[in-house]
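# Got a predicted structure here, sequence first:
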Amino acid sequence: MSAGKRGALIIFEGCDRSGKTTQSRLLVELLKSKGIPTLPMNFPERSSSIGQVINSYLTNSKDLPDEVIHLMFSANRWEHMNQTLDWCYAPESGLIKPDAVFYLRAPSNELTNRGQYGDERYEKVEFQGRVAEVFDRICSKEASYFHKFDATQSVEDLHALIGRITEELLPKVATQPLDTLS
């Protein structure tokens, strides 16, 4: 990797309808308003050929075995790997370790009140509860770069917290080499 400055790899995680898309969009807007370049990516990326198959599966118009859909999600990320490497110039092999994961946590029963909940295959209270349990365990294990937020607070308050943490993070990682997940 070159000795120049780099950006930060920030990932938003959480259950369906926890606010990931809203908060990532707001963070991109904040960074752009400060002249900081961004390269937002959302997965699944539903416009590619693989993404269209994933979308058909998620919207219940196509059935696939669990193993196949798991591989499709991975293939969807690989479709965009060159784009990822272009912005970070990472010579490391494997997956890049995020500089921060913003985990948006809300009780699964509260997520049902958010727009269009239940339209997709995995938007079920029981399933989302299990997803939250897994994220809680990962968050405890990877505490050094996981930031857990109460996603039931207002969009504005949550955005302010995320923005502050991001602004503190950027100068810290600017000259650090990229790391890979172990």
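On my side now, so go ahead. Residues are numbered from 1 along each chain as shown.
# how about the strands in this structure?
10-14, 100-105, 146-150 (DSSP state E).
# Relative to the first one, what are the paired strands and their orientations?
To tie it back to what came earlier, the one meant is strand 10-14. strand 100-105 (parallel) (DSSP bridges).
# sorry, back to before: same list (the strands of the chain) but as a markdown table, adding distance to residue 119 and mean neighbour count.
Quick note: C-beta positions are derived from backbone N, CA and C, even for glycine. A markdown table is the format used below for these (distance: least, Cβ to Cβ, whole Å; neighbours: other Cβ atoms under 10 Å):
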| stretch | distance to residue 119 | mean neighbour count |
| --- | --- | --- |
| strand 10-14 | 17 | 20 |
| strand 100-105 | 19 | 22 |
| strand 146-150 | 24 | 17 |
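# Adding mean pLDDT, write the ones you listed out as CSV.
Shown next, in CSV, are the strands of the chain (pLDDT from 0 to 100):
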stretch, mean pLDDT
strand 10-14, 92
strand 100-105, 94
strand 146-150, 94
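# want to throw these into TSV with distance to residue 36?
TSV is the format used below for those (distance: least, Cβ to Cβ, whole Å):
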stretch	distance to residue 36
strand 10-14	12
strand 100-105	15
strand 146-150	19
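# Next, count neighbours for residue 71.
Residue 71 sits with 13 neighbouring residues when counted by other Cβ atoms under 10 Å.
# next one: residue 170
Residue 170 has 18 neighbours, counted by other Cβ under 10 Å.
# coming back round to it: between the strands of the chain, which gets nearest to residue 140?
Across these, residue 140 has its closest neighbour in strand 146-150 (8.2 Å, Cβ to Cβ).
# can you give me the offset of the closest one from its chain's centre?
How far strand 146-150 lies from its chain's middle: 13 Å, per Cα atoms, centre = their mean, to the nearest Å.
# and of the strands of the chain, who's closest to residue 116?
It's strand 10-14; of these, that one is closest to residue 116 (Cβ to Cβ) at 16.2 Å.
# Could you point out the longest helix of this structure?
Counting by DSSP state H, the longest helix found in the chain is helix 155-173.
# Residues in contact with it: which ones?
Defining contact as Cβ atoms under 8 Å, 6 or more residues apart in numbering, one finds that helix 155-173 is touched by 6-8, 10, 19, 22-23, 26-27, 30-31, 36, 99-100, 102, 104, 147, 149-151.
# thinking again about what came up before, now for the strands of the chain, which one comes closest to residue 64?
So among the strands of the chain, strand 10-14 is nearest, using Cβ to Cβ, at 23.2 Å.
# Taking helix 155-173 as reference, get the angle to that closest one.
Angle, strand 10-14 to helix 155-173, by axes from the mean of the first three to the mean of the last three Cα atoms, to 10 degrees: 140 degrees.
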